[in-house]
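Student: Prediction below, plus the sequence it came from.
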Amino acid sequence: MRIVINGQQAFGQACLEAILKAGKDDVVAVYTAPDVNGKPIDPIKQSALDAGLEVRQPANFESPEILEELRSWDADLMLLAYVIIFVPEQARNIPKNGTICFHPSLLPLHRGPSSINWPIIWGAKQTGLTIFWPDDGLDEGDILLQKQIDILPDDTLGTLYFDKIFPAGVSATLEAVDLIRSGEAPKIPQDETKATYESWCRRTNAEIDWSRSATEVYNLIRGCNPQPGAWTTLDGEEVQIFDCELTAGTGRFGRVCAIDDTSFTINSGLGGIRISRVRIGKSAKINSAQFISDKKIELGRRFGT
């Protein structure tokens, strides 16, 4: 098939490189967002240029000129591999077989931009990914295929995405392209009775309430690691918490209840959080041994003030 790939960042780059390596289809053009002054070019753009492919960077997909250019590729399929610029129906329908899109959840669950954070934060044991035929709604459209992915107790946003969803998503994209090429790609309506939508997981969502159960606090930290970073305060200064584990805790909520050579533990409801890596304000992340020394952390020291 003749394929247009519209994507960004590492995932878009990985999908492009996987399709080129498979050698079954022709990538006739690569679309990505416009360059940003002072920032490196997008990885997918670099890979496309290295491969000698046509690269386009329109600010929208609505102008007559852009639509005519899309028609000029005589494409069989357009692949959306992580995009931030809306692609309307009139553009999606130009390729002979339409357009498919990747989303990192089991749609219709967790529509929205932070679909990996929230399942971890809420203590889910499973999530997944979807390749679907998008319509003009947010993460709406018929499902082509889905893959389930387990969330282990020590998974973070980073490990769940980069170690599991990312590689599985690239493989699923290749599988979807194969199904479309064979004429056997399904179009399964999403069950709207099960649909959920969650907005961005932002800094305001990431503040730690030490009166919550230790499990809830632990899940929040995991679901915000590395972004946006779960945080608390110490003497009015913001402290983000990253690497940690569940442990026993005693004493008042938010108080340091244990210290060793590499970590300190803050008490929460029904347990504690043993912390091994933090960030103070906007500085670099540091290990807890350095933090304990720099801030003179002692038993009973109170966080959340």
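Tutor: Happy to help now that I have it.

Student: Need the three-state assignment for residue 119.
Tutor: In terms of secondary structure, residue 119 is helix; the call rests on DSSP: H, G, I helix; E, B strand; the rest coil.

Student: correction: residue 11
Tutor: When classified by three-state DSSP, residue 11 comes out as helix.

Student: The nearest residue to residue 138 once chain neighbours are set aside pairs with what?
Tutor: Taking CB to CB, 6 or more residues apart in numbering, and ignoring the residues beside it in sequence, residue 138 has residue 111 as its nearest neighbour in space, at 5.6 Å. Just so you know, the C-beta spots here come from the backbone N, C-alpha and C atoms, and that holds for glycine as well. Here residue 111 shows beta-bridge partners residue 197, assigned using DSSP bridges.

Student: Relative to residue 219, how far out is residue 111?
Tutor: For residue 111, the distance to residue 219 (CB to CB, to the nearest Å) stands at 21 Å.

Student: Show me which of the two is the more surrounded one.
Tutor: Using other CB atoms under 10 Å as the criterion, residue 111 and residue 219 rank with residue 219 on top: 22 against 18.

Student: Run through who's touching the helix or strand that contains that one.
Tutor: Residue 219 is part of helix 214-223, with elements assigned from DSSP states H and E. Judged by CB atoms under 8 Å, 6 or more residues apart in numbering, the contacts made with helix 214-223 from elsewhere in the structure are 117-123, 154-157, 201, 206, 208-210, 230, 241-242, 244-246, 249, 268-273.

Student: These in helices, which ones?
Tutor: The helices in this structure, assigned by DSSP state H, contain 117-121, 157 from the contacts of helix 214-223.

Student: Restricted to buried residues, select the contacts of helix 214-223 in ChimeraX.
Tutor: Selecting the buried subset of the contacts of helix 214-223 in ChimeraX, with 16 or more other CB atoms under 10 Å as the burial test, is done by:
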select :117,118,119,120,121,155,156,157,201,206,208,210,230,241,242,244,245,246,249,268,269,271,272,273
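
Student: Walk me through the domains of the protein.
Tutor: Domain ranges of the chain: 2-194, 203-295, per automatic domain parsing.

Student: Now render those as TSV, adding distance to residue 305 and mean pLDDT.
Tutor: Converted to TSV, the domains of the chain look like this (distance: least, CB to CB, whole Å; pLDDT from 0 to 100):
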stretch	distance to residue 305	mean pLDDT
domain 2-194	24	98
domain 203-295	6	97
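
Student: Adding distance to residue 302, write those domains out as CSV.
Tutor: Converted to CSV, these look like this (distance: least, CB to CB, whole Å):
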stretch, distance to residue 302
domain 2-194, 24
domain 203-295, 5
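
Student: nearest to residue 301, of those?
Tutor: Relative to residue 301, the nearest member of the domains of the chain by CB to CB is domain 203-295, separated by 4.5 Å.

Student: How far off centre is the closest one?
Tutor: Centroid separation for domain 203-295 versus its chain: 23 Å, with CA atoms, centre = their mean, to the nearest Å.

Student: Stretch 146-159 too?
Tutor: Stretch 146-159 has its C-alpha centroid displaced from the chain centroid by 11 Å (CA atoms, centre = their mean).

Student: what's next to it, contact-wise?
Tutor: Stretch 146-159 is touched from outside by 106-107, 116-117, 119-120, 124-131, 160, 164-165, 168, 172, 222-227, 245, with contacts defined as CB under 8 Å, 6+ apart.

Student: now the host helix or strand of residue 101, how far from the chain's geometric center?
Tutor: Here residue 101 sits within strand 99-103, counting by DSSP H and E. Computed by CA atoms, centre = their mean, the separation of strand 99-103 from the middle of its chain amounts to 15 Å.

Student: Stretch 169-187 too?
Tutor: Centroid separation between stretch 169-187 and its chain, computed with CA atoms, centre = their mean, is 22 Å.

Student: Would you mind listing the outside residues contacting that stretch?
Tutor: The list of residues contacting stretch 169-187 from outside it, by CB under 8 Å, 6+ apart, reads 1, 3, 11, 14-15, 18-19, 22, 24-25, 76-77, 79, 81, 97, 100, 102, 104, 129, 131, 133, 142-145, 147.

Student: Among those, name the ones in helices.
Tutor: If you go by DSSP H, the contacts of stretch 169-187 have 11, 14-15, 18-19, 22 in helices.

Student: For those, which single residue is the most surrounded?
Tutor: So for these (other CB under 10 Å), the most neighbours sit at residue 15, 24 neighbours.

Student: wait, doesn't it sit right on residue 79?
Tutor: Yes: using CB atoms under 8 Å, residue 15 is in contact with residue 79, at 6.6 Å.

Student: Find residues that contact each of these two.
Tutor: A shared contact of residue 15 and residue 79, defined by CB under 8 Å, 6+ apart, is any residue touching both; here these are 5, 7, 173.
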